[in-house]
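**Student:** Got a sequence here, can you model it:
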Amino acid sequence: MKHSIILCGMLAAMFMAGGAAAADGAKLYMEKTCVACHGKDAKKPLTPEYPKLAGQNAAYAERQMKDIKSGARANGNSAAMKGVMHLVSDAEIKALADYLSKLK
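**Tutor:** All right, here's what the predicted structure looks like:
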């Protein structure tokens, strides 16, 4: 039990520290493993079923990520993202959405 509490504290500290760098969407795209499924340039996803994210409307992308995180969106491939989204803060989601919207 003691080890679990320490581990939870360490993980929380890591993620809070990551929030300080939330303005860097490109860095977050790599760190949060978006690149694994959506491709290095967000234009060539791993499978045709995954969306191309480059140039996506920022407000739309932010809403989709938040809905997947909260469970409000639970269709299609959202289950694959649900496992990752609990590691992404709302500030990081916003930074990611802004970054993706600027890719051409």
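
**Student:** what packs against the helix or strand harbouring Lys69?
**Tutor:** Assigned by DSSP states H and E, Lys69 falls within helix 58-70. If you count contacts as 3 or more Cβ pairs under 8 Å, 6 or more residues apart in numbering; DSSP states H and E, helix 58-70 packs onto helix 78-85, helix 90-102. C-beta: built from backbone N, CA, C; applies to glycine.

**Student:** Which positions within the first one qualify as buried?
**Tutor:** Across helix 78-85, burial judged by 16 or more other Cβ atoms under 10 Å covers Ser78, Met81, Val84, Met85.

**Student:** Among those residues, list the two that are farthest apart in space.
**Tutor:** Using Cβ to Cβ, the buried residues of helix 78-85 reach their maximum pairwise distance at Ser78 and Val84, which is 10.8 Å.

**Student:** mind putting the helices and strands packed on helix 58-70 in a markdown table, mean pLDDT and distance to Met30 included?
**Tutor:** Shown next, in a markdown table, are those (pLDDT from 0 to 100; distance: least, Cβ to Cβ, whole Å):
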| stretch | mean pLDDT | distance to Met30 |
| --- | --- | --- |
| helix 78-85 | 89 | 13 |
| helix 90-102 | 97 | 11 |
